[in-house]
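Novice: With the sequence up front, the predicted model follows.
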Amino acid sequence: MVKYRELTFEDYAAMFRRRRWLILIPALLGAMVGYTLSWSLPKRYTSHTTILVEQPTVPDSYVKPVVSEDLNKRLASMQEQILSRTRLQHLIEQFGLYGNSANLLAMEDAVERLRKAISVTPLNPMAGTRSAELPGFNVDVTLGEGRLAQLICKEITSMFMEQNLHLRQQRAEETTQFLAKQLDDAKAKLDEQDAKLAAFQSRYIGELPEDEKTNLALLTGMTPQLEAATQSLNQAQQDKAFTESLLNQQSATWQSSKGGQNSQTLEQQLKDLQNELLSKQGHYTEDYPDVVKLKNDIALVQKKLADASTQVHAQRNEQQARVATNEPPEIQQLRARLHQIDLTISQKAREQGELQRQIKMLQSRIQSSPAIQQEFKALTRDHQTALDFYNDLLKKRNESQMATELERRQQGEQFRVLDPPSLPERPSFPKPPLFGLGGLGAGLVLGLGLVRLTEWRDKSIRTKRDIEIYLGVPTLALLPSIGPSRREQNGNRNRAAIAAVKRRVSSLRVSS
């Protein structure tokens, strides 16, 4: 083949016509060798099963599942556990895998060979579906015996189903136990907050924020009551002063009517002075001159009474009793009225003092309300936080208990075998058609390589274009084939072409 030119489709077609046997013979030989080789290799049988993931019988809106881990991750975790050395070694010993070769192989090599023979592939969700959850997965076991592959596939399938049930139940129970422990701790904290709040309410009873309006209303209502009690007390004191004045006048008139006696006993003087002092105190202060004078007079009379003998005192009391008994009815009525007025004054004074005490207490509560309200808000906030946390944990614990019961009844997410492990009748490896196609492809590649090598070593000039590219000058004419053989014809044609080219070149040089 001539170098340094671009090949066209016609060139490739010409090559195929010239070298077709170099392509066809290796291809046919390769197909025959591949097909024959497929019958000589050891047979491998594959048992296949499909496991679907069934959703819980109770919708998620009623019972929220505890195990929310992605199924792909959970499947990978289960696969690592199921294909562990311990479980695979048990299968090898149970079924006597690999026959006599197991005695020659180390257990690690036998386990690794069985692990490679087991294939777990997830199923892809159908196109157009909204859910991205894994719908299921396939389990394939490839061994030298079909029946043995089916048994191993069945065991692996059972392991996946049992592991899934065990894993979900374990996760649900552990979650329930954890939430129960957290709930107990939350209840203890809530009880502590309840105790603090109850102690605070009992200590500041009547001073809590909700009592502020009540205290203001009570204070507003007690103010008119205090004013009314004060007015009643003042009125009673005025009545007492007026009654004492009348009593003094009536007593003086009665004494005058008994024969001009103007003297009074010490006890009567003391009583009159005391009554007069009470009347003055209702209108004046303690520093008023008349009040001070009356106090001094009372002290003087009391001193005289103390100095008197017991007999004189008894006689004076007897005389006073006789005088009181002999007083006219008008004076006795005034004395009874004065006694009633004293009782009224004492009652109104107590009522006034009680109202003043209650008003001071209400004012103190209202003044201390902001600080108490701030402390109460802090306690209430902590209590509400503890209560919300407790209620949230209680709800989650109840949901976890329902989910655990659902898993125990095997009504949660489960694995269901769609197709039981198959008993392979035909080997999955090797497949003669595939080996034949592989040999055919290898033969074609080898034939194309031979054609390429042959064409690269062939220096023949077959077309006018080859002449122009090889010699670098235009072609004047082409001679027809004369020789008997194709090879001679090609050689003569080449020599004639070369001679013509040389003559052309010579003529061009002479003319120049």
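Specialist: Right, received. Where do you want to start?
Novice: so what's residue 439 up against?
Specialist: 29-35, 37 (C-beta atoms under 8 Å, 6 or more residues apart in numbering). Any C-beta I mention is one placed from the backbone N, CA and C, and that applies to glycine too.
Novice: Give me the nearest residue to it, chain neighbours excluded.
Specialist: Leaving aside its sequence neighbours, residue 439 sits nearest to residue 34 (C-beta to C-beta, 6 or more residues apart in numbering; 2.4 Å).
Novice: For residue 194, see how far away that neighbour is.
Specialist: 85 Å (C-beta to C-beta, to the nearest Å).
Novice: out of those two, which sits in the busier spot?
Specialist: Between residue 34 and residue 194, counting by other C-beta atoms under 10 Å, residue 34 is the more crowded of the two (22 against 13).
Novice: Going C-terminal from whichever strand or helix holds the more buried one, what's the next secondary structure element?
Specialist: Using DSSP states H and E, residue 34 sits in helix 9-40. Next along the chain after helix 9-40, taking DSSP H and E as the criterion, comes strand 45-54.
Novice: Residue 141 and residue 163, how far apart?
Specialist: According to C-beta to C-beta, residue 141 and residue 163 sit 17 Å apart.
Novice: The two: who's more crowded?
Specialist: Taking neighbours as other C-beta under 10 Å, residue 141 and residue 163 compare with residue 141 leading, 25 against 18.
Novice: What segments of the protein are strands?
Specialist: With DSSP state E as the criterion, the chain has strands at 45-54, 118-122, 136-143, 414-419.
Novice: Take these and lay them out in JSON lines including mean pLDDT.
Specialist: Listed next are those as JSON lines, based on pLDDT from 0 to 100:
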{"stretch": "strand 45-54", "mean pLDDT": "88"}
{"stretch": "strand 118-122", "mean pLDDT": "89"}
{"stretch": "strand 136-143", "mean pLDDT": "89"}
{"stretch": "strand 414-419", "mean pLDDT": "82"}
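Novice: There's contact between residue 444 and residue 23 in this structure, I believe.
Specialist: Yes - taking C-beta atoms under 8 Å as the definition, residue 444 is a contact partner of residue 23 at 6.6 Å.
Novice: what about those two, which has more around it?
Specialist: The neighbour comparison of residue 444 against residue 23 (other C-beta under 10 Å) goes to residue 23, with 20 against 17.
Novice: residues contacting the more buried one?
Specialist: Contact analysis of residue 23 by C-beta under 8 Å, 6+ apart lists 16, 444, 447-448, 450-451.
Novice: Repeat that for residue 362.
Specialist: 215, 218-219, 222.
Novice: worst-scoring helix or strand of this protein, pLDDT-wise?
Specialist: In the chain, the helix or strand scored least confidently by mean pLDDT, DSSP states H and E is helix 310-325, which has a mean of 49.
Novice: what about the stretch 1-150 of the chain, any weak spots by pLDDT?
Specialist: 1-6, 57-69, 99-104, 125-133 (pLDDT under 70).
Novice: In CSV: the strands of the chain, plus distance to residue 352.
Specialist: Putting the strands of the chain into CSV (distance: least, C-beta to C-beta, whole Å) gives the following:
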stretch, distance to residue 352
strand 45-54, 86
strand 118-122, 92
strand 136-143, 91
strand 414-419, 85
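Novice: Quick one, which of the ones you listed gets closest to residue 356.
Specialist: Residue 356 lies closest to strand 414-419 among these, at 80.4 Å (C-beta to C-beta).
Novice: neighbours of residue 354, just the number please.
Specialist: Other residues near residue 354 come to 14 when the count uses other C-beta under 10 Å.
Novice: Look up how far residue 346 lies from it.
Specialist: Taking C-beta to C-beta, one finds residue 354 at 13 Å from residue 346.
Novice: Could you do residue 97 as well?
Specialist: Residue 97 is 114 Å from residue 346, by C-beta to C-beta.
Novice: which one of the two has more residues nearby?
Specialist: residue 97 (22 against 12).
Novice: Setting aside sequence neighbours, what's the nearest residue to the more buried one?
Specialist: Residue 97's closest residue in space is residue 114 (C-beta to C-beta, 6+ apart), at 6.4 Å.
Novice: the helices in the stretch 101-250 of the chain, which residues?
Specialist: Counting by DSSP state H, counting those that start in this stretch, one finds helices in the stretch 101-250 of the chain at the ranges 101-104, 107-117, 146-203, 212-257.
Novice: List just the one of these that sits closest to residue 458.
Specialist: So among the helices of the stretch 101-250 of the chain, helix 107-117 is nearest, using C-beta to C-beta, at 49.6 Å.
Novice: what sits up against the closest one?
Specialist: 83, 85, 88-89, 91-92, 97-98, 102, 105, 141-143, 152.
Novice: The same query, at a cut-off of 6 Å, please.
Specialist: Residues from elsewhere that reach helix 107-117 (C-beta atoms under 6 Å, 6 or more residues apart in numbering): 83, 85, 88-89, 92, 98, 102, 142-143.
Novice: Quick check: the gap between residue 78 and residue 165.
Specialist: 11 Å.
Novice: With residue 136 instead?
Specialist: To residue 165, residue 136 is 16 Å away according to C-beta to C-beta.
Novice: Likewise for residue 306?
Specialist: 109 Å.
Novice: Looking only at neighbour counts, state which of those two leads.
Specialist: Neighbours were tallied for residue 306 and for residue 165 using other C-beta under 10 Å; the higher tally belongs to residue 165 (17 against 8).
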